[in-house]
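> fold the following for me, if possible:
(2 chains)
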There are 2 protein chains.
Amino acid sequence: MKTPIDFWFDFSSPYSYIANEWIDAVAARHGRTVRRHAMLLGATFQAAELRPPVAYPIKRDYMLRDFARSARFEGLPYQPPPEFPIPTQNAARLFWWLHDTEGEDAAARWAGAGLRAVFARGLPIDRPDTLRALVAEHGLDADAAQAVWGDPAWKARLKRANDEAIAAGIFGAPTIVVDGEPFWGNDRRPQIERWLASGPF
Amino acid sequence: MKTPIDFWFDFSSPYSYIANEWIDAVAARHGRTVRRHAMLLGATFQAAELRPPVAYPIKRDYMLRDFARSARFEGLPYQPPPEFPIPTQNAARLFWWLHDTEGEDAAARWAGAGLRAVFARGLPIDRPDTLRALVAEHGLDADAAQAVWGDPAWKARLKRANDEAIAAGIFGAPTIVVDGEPFWGNDRRPQIERWLASGPF
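Numbering: from 1, shown residues only, chains lettered A, B, ... in the order given. Below is the predicted model:
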């Protein structure tokens, strides 16, 4: 039995959006499944004493260009929110709620819906009304969802995921772990594909 | 006439070492030449208010692993110096000396020799004796070379290159510019290859 691939992401990470679109197909081609883990880059950046790459004006200009180009390279639409990055803890709490109450597939569907909402449709899901509308569109109850994201128990669940990421040495997103080997970034796809095809190199 | 590809690098950059090994073949396949530009990441980091990725302990652990894995991925030997990063201004001044007095090919050969010395052989070329030995092995006069790297005129030449990099918005290495489009990182090779094959995307 091959081990699952761990996919750590943040709903505010453009490269997570891109990688989330190919990770399942790549995994399936090699007889693997994907375990998704929503986390907050704010927490891992703080632990690693990092700031977001877009916090540096000169680097930011390049990054914004590269986000869009990297999406086009994969044939994906790219339309980020007017303000970037946005806080995504509520979307991440909903991920863990679905994960723990309905299972990994339900959480994965929400991950895809949330990442596409942010980066393909430019929806500011940090706004409660926007997030409620997305939840409803996704077939969930908006009042129940809003109760979840304000609930200390689901806040603690997300914090546990952040702590697990930090304990694993994860500082950026996406981080894709295969057989214990961490690959940081959408751009490590060729290395991941080789590892899956022929093992460690 | 297709425009040359601009390849900005630092002798202390592992990803520059890797990319330097494939950039000429990739360029040639698409009827392009390569113009190399030695620079100091210390200067571009300062201008962009960045620190080296290996300055952050948690990130450093991953980066050191990724440097070696990325070299293996390209089938290249990887043996960095015991201390990393190392100051590389003297090697870079020699690059511009060769560039301006003997031409781009001579400078490119030195770029390859210097990057391989650092990352395939672990030579600390910041040490004058080590650099002198490398220069002699490369068929140049060590005394002449040492005079060059202490010469204010060649110091100024390197500073001009750093200033040009900063003016172009370059903050990291390698940065590969094709038709005015900047690609940062050895890992942008697939995007560069597509751009060269079929134009902007």
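> for chain A, what spans make up the helices?
For chain A, helices defined by DSSP state H occupy the ranges A:14-29, A:41-47, A:57-73, A:89-101, A:104-119, A:128-137, A:142-149, A:152-167, A:189-198.
> so what touches the fifth one?
Yep, that's helix A:104-119 we're talking about. The contact list for helix A:104-119 (Cβ atoms under 8 Å, 6 or more residues apart in numbering or on different chains) reads A:9, A:11-12, A:14, A:16-17, A:20-21, A:24, A:34-36, A:38, A:71, A:78-81, A:86, A:88, A:91, A:94-96, A:98-99, A:123, A:125, A:134, A:137-138. Where you see a C-beta, it was placed from the backbone N, CA and C, and this is true even at glycine.
> buried ones in that helix, by neighbour count?
Within helix A:104-119, the residues scored as buried using 16 or more other Cβ atoms under 10 Å in any protein chain shown are A:104, A:106-108, A:110-119.
> what's the local residue count around residue A:126?
Neighbour count for residue A:126, taken as other Cβ atoms under 10 Å in any protein chain shown: 19.
> how close does it sit to residue A:23?
Counting by Cβ to Cβ, to the nearest Å, the gap from residue A:126 to residue A:23 is 25 Å.
> the helix or strand of chain A with the lowest mean pLDDT packs against which elements?
None of the helices or strands of chain A scores lower by mean pLDDT, DSSP states H and E than helix A:41-47, at a mean of 89. With contacts taken as 3 or more Cβ pairs under 8 Å, 6 or more residues apart in numbering or on different chains; DSSP states H and E, helix A:41-47 sits against helix A:152-167.
> compute the inter-axis angle for the helix it packs on and helix A:89-101.
Here the directions of helix A:152-167 and helix A:89-101 differ by 90 degrees (axes from the mean of the first three to the mean of the last three Cα atoms, to 10 degrees).
> distance of residue A:8 from residue B:90?
As judged by Cβ to Cβ, residue A:8 and residue B:90 stand 41 Å apart.
> near chain B, which residues of chain A are found?
Within reach of chain B by Cβ under 8 Å from any Cβ of the partner chain, chain A has these residues: A:47-50, A:56-59, A:61-62, A:65-66, A:69-70, A:72-73, A:169, A:171-172, A:182, A:184-185, A:187-188, A:190-191, A:194, A:201.
> looking at the helices of chain A, which is nearest to residue B:165?
helix A:57-73 (11.0 Å; Cβ to Cβ).
> report pLDDT for residue A:198.
On pLDDT, residue A:198 comes in at 96.
> what do you get for residue A:144?
98.
> for residue A:56, same thing?
In this prediction residue A:56 is given a pLDDT of 85.
> ramachandran angles for it?
Here is the backbone geometry of residue A:56 (degrees, to the nearest 10): phi -110, psi 110.
> ok, it - contacts?
B:48, B:49, B:50, B:171.
> please name the residues that touch the first one.
When you say that, I think you mean residue B:48. So, once contact is read as Cβ under 8 Å, 6+ apart, residue B:48 ends up touching A:56, A:57, A:58, A:59, B:171.
> switch those residues over to JSON lines; also include distance to residue A:151.
Shown next, in JSON lines, are the contacts of residue B:48 (distance: Cβ to Cβ, whole Å):
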{"residue": "A:56", "distance to residue A:151": "36"}
{"residue": "A:57", "distance to residue A:151": "38"}
{"residue": "A:58", "distance to residue A:151": "41"}
{"residue": "A:59", "distance to residue A:151": "37"}
{"residue": "B:171", "distance to residue A:151": "42"}
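> residue B:42: which of these is nearest?
Nearest member of the contacts of residue B:48 to residue B:42, counting by Cβ to Cβ, is residue B:171, at 11.6 Å.
> the closest one against residue B:42, yeah?
No - in this structure, residue B:171 is not within contact of residue B:42 by Cβ atoms under 8 Å, at 11.6 Å.
> give me the more crowded residue out of these two.
More crowded of residue B:171 and residue B:42, by other Cβ under 10 Å: residue B:171, with 23 against 16.
> could you find the closest non-adjacent residue to that one?
Leaving aside its chain neighbours, residue B:171 sits nearest to residue B:48 (3.9 Å; criterion: Cβ to Cβ, 6 or more residues apart in numbering or on different chains).
> burial check on residue A:52, number of neighbours?
Residue A:52 has 17 nearby residues by other Cβ under 10 Å.
> what distance do you get for it to chain B?
From residue A:52 over to chain B the distance is 12 Å, taken as Cβ to the nearest Cβ, to the nearest Å.
> ok, residue A:164 next?
For residue A:164 relative to chain B (Cβ to the nearest Cβ), the value is 14 Å.
> dump the residue contacts of that residue.
residue A:37.
> pLDDT at it, what is it?
On pLDDT, residue A:164 comes in at 97.
> equivalent analysis for residue A:133, please.
pLDDT, read off for residue A:133, is 98.
> please apply the same query to residue A:182.
Looking at residue A:182, the pLDDT reads 98.
> and for the one 10 residues further on?
pLDDT, the model's per-residue confidence, is 98 for residue A:192.
> hang on, the earlier thing: closest to chain A out of the contacts of residue A:56?
Closest approach between those and chain A, by Cβ to the nearest Cβ: residue B:48, at 4.0 Å.
> narrow the contacts of helix A:104-119 to those that are buried.
For the contacts of helix A:104-119, buried by 16+ other Cβ under 10 Å: A:9, A:11-12, A:14, A:16-17, A:20-21, A:24, A:34-36, A:38, A:71, A:78, A:80-81, A:86, A:88, A:91, A:94-96, A:98-99, A:123, A:125, A:134, A:138.
> give me the number of residues near residue A:189?
Using other Cβ under 10 Å, residue A:189 has 19 neighbouring residues.
> how about the contacts made by it?
A:19, A:22, A:26.
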